[in-house]
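**Q** Return a 3D structure for these sequence lines:
(chains A and B)
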Amino acid sequence: MSRDWWALTWLVTRREIRDRGRAKSFWVATVLLMLAVAAGAVIPALVQGSGKSTATVGIVGNTPALTQVALETGKVTSTTVTVVSLPDIAAARAQLRSGAVGAVLVGNSEVLVRQQSAFGSSGLSQTLSQVAGLQKLFAQLPPAAVQSAVSHGVALPVRSVVSAGRSAAARITGLVVAILMYVIILTYGIRITIGVGEEKASRVVEVLLTTLRPVQLLAGKVIGMGLLALGQIAALVATYLILGQVAGTSAVRGASVSVVLVGALWLLLGYAFYCTAFAAAGALITRQSDAYNAALPLQIPLIIAYVLTYTVIYSTSVNTLFHVLAFIPFTAPVAMPVLVAVGAASAWQVAVAAVISVLSTVGMARVAGTIYGRAILRTGSRLKVRQVLASSSA
Amino acid sequence: MDGRDGTLELDDLRRKFGDVVALDGLSFTVPPGEVFGFLGPNGAGKTTAMRAIVGVTSLDSGAVRWRGRPVDADARRRIGYMPEERGLYAGMKVGEQLEYLARLHGLTAARAQAAAAQWVSRLGLAGKDQMKVESLSLGNQQRVQLAAALAHEPELLVLDEPFAGLDPVGVDAMSAVLAERAAAGVTMLFSSHQLDLVEHLCTSVAIIHKGALVARGTVDELSRGGDQRVAVRVSGDEQARWTGGLGEHAKVVRVTAGTATIAVARPEDAQAVLDVARRAGPVEQFGFERRRLSEVFRDVVGANIEDLESENVSRAAVPAPEAAR
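**A** Numbers count the residues shown, from 1 in each chain, chains lettered A, B, ... in the order given. Next up is the predicted model:
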């Protein structure tokens, strides 16, 4: 493809960007999405209550030394610690479940918390385990124990009473990503369908195609919309990371960053996969009012993946169906980031699904390009995909 | 003509849409510098032929040549095309739209801007370049469409039904632009199904029916060809009963408000007609009449163009074209 080819295609791209960039609806949607993302960044911070500066620590088998450990921990973590003596482990579990105590120090042996965060023990409980560990070390102090403690670390093991899993914060991040994916792919996809439909229905395409190849018109439109989407995604991710930092959302640090980055990757992959298909849908219609109907079949897989997301986000296990969906290009853009968010996908699985998606995108672009090229100038009644593919292009 | 001077050649164009034959071996040439009419009833294949010229529909066989060469991507940039179903971005501003289309035809940003501004003022759209196309009257939208076809200074103009939907002022403006472009040496082909309404504008015409050529020539040649016609009116004889006395060399074509149009095979037969008329009463009017293009059509095809048009309404109008590439 010559420089000339790209110069013409770029003219189409630029027109798309200007056209959309001037639409009020585009900016309204951007602001609404930013607000949604801002909520996604700030709400986990409220949920995890990181700003709280008081804590109640329960102690089973309390001794003055252990009380001292709890109070020391409070000093180290700038938390006002209230110590409560508990009769036994059963009482400790009950108090942890009800939330009456934040952590329980069980003698010299372990630290109990309600649910361990995805990032390991955090803040108070971690410090508690370390200070208690030190105390234990110095209480016993046989040289062999010192050596063992130095080599294995002095912290006591931290155990949770609720089954382990990704933190609520990471899950909420995953849900936000799923919602964004759904909204952005559908918004831009349907915009493309409408745009192609407008050009076809208004017959301006007949003028355009005297100097442009159909594939240039298709590429220009898809790239233009893609650049807008990319800008929007960048703004959203930046909003999330910056607001998350400011609000002190632990979700934004550590594991959730991987959820956000995987989400951004799949937004790109998902857009690339779907955009040409939405354009082909636009080429099939003859009246603009048909745009939503023509785009409907393309929305269904996304809707299914999105709805099923709720069964995964709030559950401790991931069903096989959802695992499979994460590898199918039609549903992967929503399903894979969610799997990552709940900690059910490894890096190689993400990579394999991404490769499948890229390869499918090439195939989809070919089929959609063919449909677009053959259908864009055909007037009359609304066309069916099969009918278009069966017709000649000679 | 060797075809290198800007002549457009249609060579045995054939195209079927399913069972419908849109083009059935259509051939003719269009020389540069003429207002050339491409005429025929609706459904005759004009739009398909024009789409084939500009490359938005494919041909089963045949070739379109311009300047002796097939119409390729470079040539298409030099074409100004006005599709039958008008096509503009409704929500785009007039000036921007014209610039965009001119740039797609290879003009630089600066030249496109200048050309857009020039045609906006030239076609009476001054002050409207910042308006959206959809907010203009239909007549003004037509002008924008014409400006879009002209802004890149094309050397070949292909205009599909440019007069359709124009008010009389618009028709005059359009006629003036076509004449001016032809005088500038542009090769031009414009279509119309209203033969008699456009014949006075055309230098030459090609008339087609069912995808094939039925007549081609200058309007003068065609209207003088065939039988000669005289229009005669005898005072006080509203039904032109006097024509009952005519011999077999004179045939009454029609009677309109007392004036009889009579076809004669030879010029001397016209004198015989005049003699009969004078015997019947005072002759108020006597003159040779040109054949109208609709009559040329009827003489060749054997049917009235109006009748064919009404037949066509029940059929699918223009067959759906398909992308060429």
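
**Q** Break the chain into its domains for me.
**A** No chain was given, so I picked chain A. Domain segmentation of chain A under automatic domain parsing yields A:3-46+A:167-390, A:52-160.

**Q** nope, chain B
**A** Split by automatic domain parsing, chain B gives B:8-222+B:297-314, B:227-290.

**Q** Pull the contacting residues for the residue in the stretch 151-300 of chain B positioned nearest to chain A.
**A** Closest approach between the stretch 151-300 of chain B and chain A, counting by C-beta to the nearest C-beta: B:V158, at 8.8 Å. Any C-beta I mention is one placed from the backbone N, CA and C, and that applies to glycine too. Applying C-beta atoms under 8 Å, 6 or more residues apart in numbering or on different chains to B:V158 gives the contacts B:50, B:53-54, B:79-82, B:189-190.

**Q** Tell me the one of those residues nearest A:D4?
**A** B:I79 (17.0 Å; C-beta to C-beta).

**Q** Next, work out how far apart that closest one and chain A are.
**A** Distance, B:I79 to chain A, by C-beta to the nearest C-beta, to the nearest Å: 6 Å.

**Q** backbone phi and psi for the nearest residue to that residue once chain neighbours are set aside, please?
**A** Leaving aside its sequence neighbours, B:I79 sits nearest to B:L156 (C-beta to C-beta, 6 or more residues apart in numbering or on different chains; 4.8 Å). Here is the backbone geometry of B:L156 (degrees, to the nearest 10): phi -130, psi 120.

**Q** what bridges to B:L156?
**A** B:L156 has these beta-bridge partners by DSSP bridges: B:I79, B:T187.

**Q** Please work out how many residues are found near it.
**A** Using other C-beta atoms under 10 Å in any protein chain shown, B:L156 has 23 neighbouring residues.

**Q** and what of the one 3 residues further on?
**A** With neighbours defined by other C-beta under 10 Å, the count for B:L159 comes to 26.

**Q** Correct me if wrong: A:A305 contacts A:M336.
**A** No: the criterion here is C-beta atoms under 8 Å, and A:A305 misses it with A:M336 at 9.5 Å.

**Q** more neighbours, these two?
**A** Neighbour count, other C-beta under 10 Å: between A:A305 and A:M336, A:M336 has more, with 31 against 24.

**Q** In terms of helices and strands, where is the more buried one?
**A** Assessed by DSSP states H and E, A:M336 sits inside helix A:332-341.

**Q** Output the contacting helices and strands for that helix.
**A** Applying 3 or more C-beta pairs under 8 Å, 6 or more residues apart in numbering or on different chains; DSSP states H and E, one finds that helix A:332-341 contacts helix A:168-201, helix A:255-284, helix A:291-313, helix A:320-325, helix A:347-375.

**Q** angle of that helix against helix A:168-201?
**A** 170 degrees (axes from the mean of the first three to the mean of the last three C-alpha atoms, to 10 degrees).

**Q** Please compute how far helix A:332-341 lies from its chain's middle.
**A** Mean-position distance between helix A:332-341 and its chain equals 7 Å (C-alpha atoms, centre = their mean, to the nearest Å).

**Q** okay, the angle between it and helix A:291-313?
**A** 20 degrees.

**Q** Name the residue of chain B that lies nearest to chain A.
**A** Counting by C-beta to the nearest C-beta, chain B gets nearest to chain A through B:G87 (3.4 Å).

**Q** Pull the contacting residues for that residue.
**A** A:202-207, B:145.

**Q** Tell me how far it lies from B:Q141.
**A** Using C-beta to C-beta, to the nearest Å, B:G87 is found at 11 Å from B:Q141.

**Q** Report how many residues lie close to B:G258.
**A** 16.

**Q** swap that for B:A63, sorry
**A** 14.

**Q** quick one: contacts for it?
**A** B:9, B:11-13, B:70.

**Q** Give me the nearest residue to B:V171, chain neighbours excluded.
**A** B:F163 (5.7 Å).

**Q** wait, what's in contact with the one you found?
**A** Here B:F163 is in contact with B:171, B:174, B:192, B:194, B:197-198 (C-beta under 8 Å, 6+ apart).

**Q** Can you verify it is assigned to a strand?
**A** No: the assignment for B:F163, made by DSSP: H, G, I helix; E, B strand; the rest coil, is coil rather than a strand.

**Q** Would you mind listing what in the stretch 201-350 of chain A touches chain B?
**A** By the rule C-beta under 8 Å from any C-beta of the partner chain, the part of the stretch 201-350 of chain A lying against chain B is A:202-214.

**Q** Rounded mean pLDDT for the helix holding A:M336, please.
**A** For helix A:332-341, the mean per-residue pLDDT is 89.

**Q** Please save the CA atoms from it in CSV.
**A** Taking Å, rounded to 0.1, in the frame of the first residue of the first chain, the C-alpha atoms of helix A:332-341 are listed here in CSV:
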residue,chain,number,x,y,z
ALA,A,332,-12.9,-13.1,25.8
PRO,A,333,-12.7,-9.3,26.0
VAL,A,334,-15.1,-9.4,29.0
ALA,A,335,-14.4,-12.9,30.4
MET,A,336,-10.6,-12.8,30.5
PRO,A,337,-10.1,-9.6,32.5
VAL,A,338,-12.7,-10.9,35.0
LEU,A,339,-10.8,-14.2,35.3
VAL,A,340,-7.6,-12.3,36.0
ALA,A,341,-9.5,-10.2,38.6
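
**Q** Just want the angle from it to helix A:255-284.
**A** Going by the same axes, to 10 degrees, helix A:332-341 makes 170 degrees with helix A:255-284.

**Q** Name the residues of helix A:332-341 that are buried.
**A** A:332-341 (16 or more other C-beta atoms under 10 Å in any protein chain shown).

**Q** How about stretch B:291-306?
**A** B:291, B:293-301, B:305.

**Q** now do stretch A:297-314
**A** Buried residues in stretch A:297-314 (16+ other C-beta under 10 Å): A:298-299, A:301-302, A:304-306, A:308-309, A:312-313.
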